[in-house]
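[1] Build me a model:
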Amino acid sequence: MTRKAFKYRLYPTKPQHKDLERTLALCRQLYNAALQERRDAYKKAGRTVGFYEQKRYLPEIRAELPGYKRMHSQVLQNVIQRVDKAFQGFFRRVKGGQKAGYPRFKGQGRYDSFTFPQAGTTGVKLQEGGKRVLIRGIGSVKVKLHRPLEGRLKTATVKREGEHGYIVFVCEVDPKPLPLSQEAIGIDLGTNPYFLVTSEGEKVEAPRYYQKAQGKLARKQRELSGKRKGSTRWRKTKKELAKLHRKIANQRKDFHHKLARRLVNRYGTIVHEDLNILGLARSRTAKGVQDAGWAEFLQILAYKAEEAGRRVVGVDPKHTSQDCPVCGHRERRPLWAREFTCPACGATLHRDVAAAINVLARARVSPQGYLAGAFGDGYGVGRPVRTEKPRSEEAGSRHRSFSTKRVSISSRNWLGSTFWRSGCW
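    Model prediction:
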């Protein structure tokens with residue numbers, strides 16, 4: 001069983017839209033309060049407040065604060081869980097010697113979703129044959145199911161993206177493998193003029209959506225900078241600028257989905273370079289790399305391949321564009337040289353096609369275990385993208401519990417009523 005997400009557009013009424021905004025605001029306040037308590041507990045008493053320690057006081061909060069009574073209890077638990085995950089990630093990065101990034105408070109407009117962890121049984125329910133969805137605390141909201149749900153519903157997340165609302169259902173579905181295919185292809189990713197070149201010589205032109213929209217973005221950004229921050233016209237222009245950025249992101253994602261689907265439907269094994277995309281995104285080629293969206297494309301390609309029973313394999317990219325795929329002669333060439341003639345064997349090749357052929361050849365001979373049998377029955381998934389180190393099993397042990405005391409806080413504090421406080425005053 002695999003999990004698959006289905007995202008649908010919501011069309012709330014004006015009162016329902018206000019309820020959605022109110023729910024997000026309350027979730028943001030709870031998130032910030034939980035984060036503040038963890039900070040104060042460690043700073044003042046050197047103690048750590050854990051997930052279960054904070055979750056224990058949620059029924060009390062719902063009983064005393066009217067705004068939280070209408071919200072589902074599991075939505076509030078998920079807010080506390082997000083805080084806990086933020087700290088787990090912080091400790092994991094500290095232990096791994098990475099840039100730590102201490103969890104931050106969520107400012108106004110920075111908390112954009114809330115989740116029902118057991119949507120299959122409580123909190124969310126489809127109505128009228130999928131034309132409406134009943135959301136606890138919001139009501140019956142019109143929804144556009146542009147494709148049917150599959151499998152067993154597990155979770156539901158209501159998201160705010162600009163002025164639009166969406167609901168994302170995560171379902172457990174059975175894999176649907178495509179017919180067996182012994183065809184294999186190597187791909188070389190690029191930025192300009194081609195997004196992707198295959199070992200068969202096919203060249204997919206880079207759409208460069210961001211580059212094409214740069215003029216519009218610059219004009220809108222200048223318009224925004226000329227207005228007083230916080231004014232009505234400033235907020236309106238800011239929404240228009242965000243809408244333009246969302247359009248670019250949606251165009252790029254649509255291109256990635258269609259290209260990945262075409263590759264997965266045709267080939268049983270797809271081999272790509274295991275690039276350090278994060279490092280390239282910080283180099284002088286950063287704008288082109290981020291406009292191309294390699295990481296998103298490889299992620300989409302990997303999950304589509306897994307669902308279809310195909311293989312996606314990552315290989316070492318070193319010297320793929322310098323080696324001749326015919327004789328193996330290695331020669332450094334400038335980036336502007338797109339076609340070359342090998343001085344050793346005389347073969348005339350396109351630089352990117354030669355790199356894609358080398359990528360495919362490396363998958364056939366690589367000694368790594370995860371590539372073994374890459375051209376066997378065509379099922380299974382190789383290593384699609386560079387991943388982080390495994391999460392330490394000890395990360396959760398840092399959140400040890402301790403006894404707490406309740407104190408009454410003034411109305412000037414975050415919720416204006418009684419809330420949990422650790423013994424650190």
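
[2] Validate this expectation: residue 325 resides in a strand.
    No: secondary structure of residue 325 (DSSP: H, G, I helix; E, B strand; the rest coil): coil, not part of a strand.

[3] which residues does it contact?
    Applying Cβ atoms under 8 Å, 6 or more residues apart in numbering to residue 325 gives the contacts 349, 354, 357-358, 361. Placement of C-beta: from N, CA and C, glycine included.

[4] Please report how far it lies from residue 49.
    With distances taken as Cβ to Cβ, to the nearest Å, residue 325 is found 58 Å from residue 49.

[5] Also residue 354?
    Residue 354 sits 57 Å away from residue 49, going by Cβ to Cβ.

[6] Quick check: residue 114 is in a strand.
    Yes: according to three-state DSSP, residue 114 belongs to a strand.

[7] Residue 75 is in contact with that one, correct?
    Yes: applying Cβ atoms under 8 Å as the test, residue 114 and residue 75 come out as touching, 5.1 Å apart.

[8] what's the overlap in contacts for the two?
    Contact with both residue 114 and residue 75 is made by residues 23, 27, according to Cβ under 8 Å, 6+ apart.

[9] neighbour-wise, which of these two wins?
    Of the pair residue 114 and residue 75, residue 114 is the one with more neighbours under other Cβ atoms under 10 Å, namely 26 against 21.

[10] Bridged to that one, which residues?
    Judged by DSSP bridges, the bridge partners of residue 114 are residue 158.

[11] Tell me the pLDDT of it.
    We have a pLDDT of 96 for residue 114.

[12] In contact with it: list those residues for me.
    23-24, 27, 75, 78-79, 157-158.

[13] Next, residue 230: phi, psi?
    phi 90, psi -10 (degrees, to the nearest 10).

[14] Is residue 179 in a helix, a strand, or coil?
    Following three-state DSSP, residue 179 is assigned to coil.

[15] repeat for residue 302
    Per three-state DSSP, the local secondary structure of residue 302 is helix.

[16] all helices of the stretch 51-200 of the chain, in order?
    Under the criterion DSSP state H, counting those that start in this stretch, the stretch 51-200 of the chain contains helices at 51-55, 58-64, 66-69, 73-95.

[17] right, and those - which one's nearest residue 180?
    Ranking the helices of the stretch 51-200 of the chain by their distance to residue 180 (criterion: Cβ to Cβ) puts helix 73-95 first, at 39.6 Å.

[18] Just give me the closest of the contacts of residue 114 to residue 36.
    Nearest to residue 36 out of these is residue 79 (Cβ to Cβ; 13.4 Å).

[19] Please look at the closest one and residue 30 and confirm they touch.
    Yes: if you go by Cβ under 8 Å, residue 79 and residue 30 touch, sitting 4.9 Å apart.

[20] Helix or strand for residue 19, just tell me which one.
    helix 14-45 (DSSP states H and E).

[21] what residue is smack in the middle of the protein?
    A centroid search over the chain (Cα atoms, centre = their mean) returns residue 296, at 8.3 Å, as the residue closest to the centre.

[22] mind checking which helix or strand that one is in?
    helix 294-308.

[23] buried ones in that helix?
    The neighbour-count check on helix 294-308 (16 or more other Cβ atoms under 10 Å) flags 294-298, 300-308 as buried.

[24] what's the answer for stretch 91-111, then?
    91-93, 103, 106, 111.

[25] can you give me the mean pLDDT across that stretch?
    For stretch 91-111, the mean per-residue pLDDT is 92.

[26] Next: stretch 136-156.
    Mean pLDDT, computed over stretch 136-156, is 94.

[27] Could I have the CA atoms of it written out in PDB?
    Written as PDB, here are the backbone C-alpha positions of stretch 136-156 (Å, rounded to 0.1, in the frame of the first residue of the first chain):
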ATOM      1  CA  ARG A 136     -15.700  20.500  11.400                       C
ATOM      2  CA  GLY A 137     -15.800  24.100  12.600                       C
ATOM      3  CA  ILE A 138     -16.300  25.500   9.100                       C
ATOM      4  CA  GLY A 139     -19.500  23.800   7.700                       C
ATOM      5  CA  SER A 140     -20.500  22.300   4.400                       C
ATOM      6  CA  VAL A 141     -18.100  23.800   1.800                       C
ATOM      7  CA  LYS A 142     -18.400  23.600  -2.000                       C
ATOM      8  CA  VAL A 143     -15.600  21.600  -3.500                       C
ATOM      9  CA  LYS A 144     -14.500  20.800  -7.100                       C
ATOM     10  CA  LEU A 145     -13.600  17.100  -7.400                       C
ATOM     11  CA  HIS A 146     -11.900  17.200 -10.800                       C
ATOM     12  CA  ARG A 147     -10.900  13.600 -10.300                       C
ATOM     13  CA  PRO A 148     -12.300  10.800  -8.100                       C
ATOM     14  CA  LEU A 149     -10.800   9.900  -4.800                       C
ATOM     15  CA  GLU A 150      -9.000   6.500  -4.700                       C
ATOM     16  CA  GLY A 151      -8.300   4.100  -1.900                       C
ATOM     17  CA  ARG A 152      -8.900   4.600   1.900                       C
ATOM     18  CA  LEU A 153      -8.900   8.100   3.200                       C
ATOM     19  CA  LYS A 154      -6.300   8.700   5.900                       C
ATOM     20  CA  THR A 155      -5.800  12.500   6.500                       C
ATOM     21  CA  ALA A 156      -7.200  15.800   5.200                       C
END
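
[28] for that stretch, the distance to its chain's centre please.
    Centroid separation between stretch 136-156 and its chain, computed with Cα atoms, centre = their mean, to the nearest Å, is 21 Å.

[29] Around the residue nearest to the residue nearest to the centre of the chain when sequence neighbours are not counted, count how many other residues there are.
    Excluding the flanking residues, the one nearest residue 296 by Cβ to Cβ, 6 or more residues apart in numbering is residue 256, at 5.8 Å. Residue 256 sits with 21 neighbouring residues when counted by other Cβ under 10 Å.
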